[in-house]
Structure formats: C-alpha cells, structure tokens
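Colleague: pasting the sequence and the predicted model now:
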Amino acid sequence: MPKTTPDLIRHATCPARVVDLAHRRWTIPLLAQINQARQSHDPTGARLTGLIHRLGVGRETLRQTLDFATAHGWVVRNPGHGLPLRAEFVLTESGTALAPACARVWRTAVLLDVSEVFGRKWTPPVLRVLAAGPARFGVLKAGLAPYGLTDRALSRALRDLQAAGLVSRQVVDERPPGVRYAATDRVRPLVQAIARL
C-alpha cells in the first residue's frame, strides 16, 4: 500500500456531517423534501403520508430515516399534529441550516440521473474527499477510516462510482507507482454541492 503524506491526508478528510447524512439512504432527500414543503407552505409535504408518496419509500424505511434524522437533531415531529396518520415533521434549527444544501445536492443527483448510486452509504463521503482533487486509494482510506470505512467497502464504492461514470481510475507512473482516482467532469456539479454540506 502506498504511503500517504500527512498533508494529503489533512486535505482529503471528510466532515462527519457528510458521513452522517449518507449513513441512511433517504436522509438527504428527506431533509430536501421537508425544506421544499416549508418553502412552498405545502401542508401535506411534510406529513408522513406526503413524504412516503413524494420520496417513493416504504413506511418503515421512512420511519427509520425520520428516527435517524430526529436522533441527529435535524427533524422533530410537529407537536400541533396529534393523529398518527397525519403526523407532520419540521426542521430544527440545525436542520433548517442544513436542508438547503441537502436540497441542492439531491436536485443535482436527480438531474445527473445518479440518484441510485448516490444513495449508497459511501458515495457522498468518497465524492467529498475527491472534491479536494485526485487521490490514491490510501489517501481516500485515510480520510474515511475514522468513520469505519473498510478496504472492501472503499473498493466496492470506487467500483460502483467507476461503473456509473462518476469516478475515473488512472494508473500513475510515480514513485511509488499506483492508481489515482478522480471525480469526472460529469459529476463535478454534484461534488461541488456535496462540498458545501
């Protein structure tokens, strides 16, 4: 495994917030949808049934995502809606600060038609590290290892991103020789949006 310099590792770190947001597939779209409902004053947009319909997820998946977002302090249940079937959710102060960036990220992923691969746990963190520029496997690993990323998970994430045309892989003839990964031009708007999270 190639050695990585402390400078490269320092520039290739990923904020914990990005890892947390990517931990559950529907967290970023959920915050984006609640933000949209808040801005448009749509009374059904932030209700449980409205969120299920708009996001296209199952009830249990949405409940787990809402529990996760609530545990992180981004979302709370609106105390003014008492019926379980009409439960409504609102953004907390930290959720309100984060939701517009989530909306930009999700909108960009949908426009680029990469929402499927984007929803995988390590895609946003890997793209966030690559926002600093091309990186070797070891640098990517060092930037994400504090969050529990294994070599196997990183290899799979990079393979999936390459297959989707979001990351390029280049063999470099340096000392030591190795492989460098970089975000492709196609995904640059998404990388820039993730970098603002």
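Modeller: Ah, there it is.
Colleague: does anything pack onto the helix ranked longest in the chain? Which helices or strands?
Modeller: Using DSSP state H, we find that the single longest helix of the chain is helix 93-111. For helix 93-111, the packing partners by 3 or more CB pairs under 8 Å, 6 or more residues apart in numbering; DSSP states H and E come out as helix 16-23, helix 27-40, helix 115-118, helix 188-195. All C-beta spots, glycine's among them, are computed from the backbone N, C-alpha and C.
Colleague: try it again with 6 Å
Modeller: With contacts taken as 3 or more CB pairs under 6 Å, 6 or more residues apart in numbering; DSSP states H and E, helix 93-111 sits against helix 27-40, helix 188-195.
Colleague: give me the angle between the shortest one and helix 16-23.
Modeller: Going back to what we said before, that points to helix 188-195. 120 degrees (axes from the mean of the first three to the mean of the last three CA atoms, to 10 degrees).
Colleague: list the buried residues in stretch 136-154.
Modeller: For stretch 136-154, the neighbour count (16 or more other CB atoms under 10 Å) marks 136, 137, 138, 139, 140, 141, 142, 143, 144, 149, 153, 154 as buried.
Colleague: closest to residue 105 out of those residues?
Modeller: Nearest to residue 105 among those is residue 144, at 17.9 Å by CB to CB.
Colleague: let's verify the closest one: helix, strand, or coil?
Modeller: The three-state label given to residue 144 by DSSP: H, G, I helix; E, B strand; the rest coil is helix.
Colleague: list the contacts for it?
Modeller: Counting by CB atoms under 6 Å, 6 or more residues apart in numbering, residue 144 makes contact with 14, 125.
Colleague: from now on call the first residue 740
Modeller: All right, first residue 740 from here; so that's residue 883.
Colleague: confidence score at it?
Modeller: pLDDT recorded at residue 883 is 92.
Colleague: thanks again, I'm all set now.
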